[in-house]
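[1] show me how the following folds:
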Amino acid sequence: MRHVIFRLEKERYALPLPSVREVVVPPAQWSRVPRAPEAIRGVINLRGRVVTVVELRSLLGVADEGAPSQKIVLLDRGRRDLGLMVTEVEGIEPIERVTPAPGKAVAAVRGVARLKGLAVTVLDPEGVDGAVAGLFGTK
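    Numbers count the residues shown, from 1 in each chain. All right, here's what the predicted structure looks like:
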């Protein structure tokens, strides 16, 4: 299956291609959401649709090393739009085999894979969506 490969800081991650609607550049203007959890960056208007944007590094607990988030990966969630702030998108690559991630299981992580000799953390779109819903106390 083909996956969208992107980076959060120096780490590489992947999402299945069918779960990604598009990749966009963040706008200059953001609308903050009052009393929203820290991981929620805000909302944007994208061609008339309101998109909730999440700082993926905060959601996954990745340390902020200062590399700015330069892209928004839009998950295809049906009637609800969800954007994930990432450092950079590298491209689309086939990933053949995903093995369970070592250590404590995280719902947003499906497992790890090898791509061109480097480790890639493969995310589960349903798990990411569930983690964002959990920020608001809903499932």
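[2] so what's the residue nearest to residue 99 when sequence neighbours are not counted up against?
    Of all residues not flanking residue 99 in the chain, residue 111 sits nearest, at 5.3 Å (Cβ to Cβ, 6 or more residues apart in numbering). No exception for glycine: its C-beta is placed from N, CA and C like everyone else's. Residue 111 sits next to 98, 99, 100, 101, 121, 122 when contact means Cβ atoms under 8 Å, 6 or more residues apart in numbering.
[3] most neighbours among these, which one?
    residue 122 (22 neighbours; other Cβ atoms under 10 Å).
[4] list the contacts for the residue positioned nearest the centre of the chain?
    Note on the chain: the residue nearest the mean C-alpha position is residue 84, at 4.1 Å, using Cα atoms, centre = their mean. Contacts for residue 84 (Cβ under 8 Å, 6+ apart) come out as 53, 54, 56, 59, 72, 73, 74, 75, 128.
[5] hmm, back to that, buried residues in the host helix or strand of the residue nearest to residue 99?
    Secondary structure assigned from DSSP states H and E places residue 111 in strand 109-115. For strand 109-115, the neighbour count (16 or more other Cβ atoms under 10 Å) marks 109, 110, 111, 112, 113, 115 as buried.
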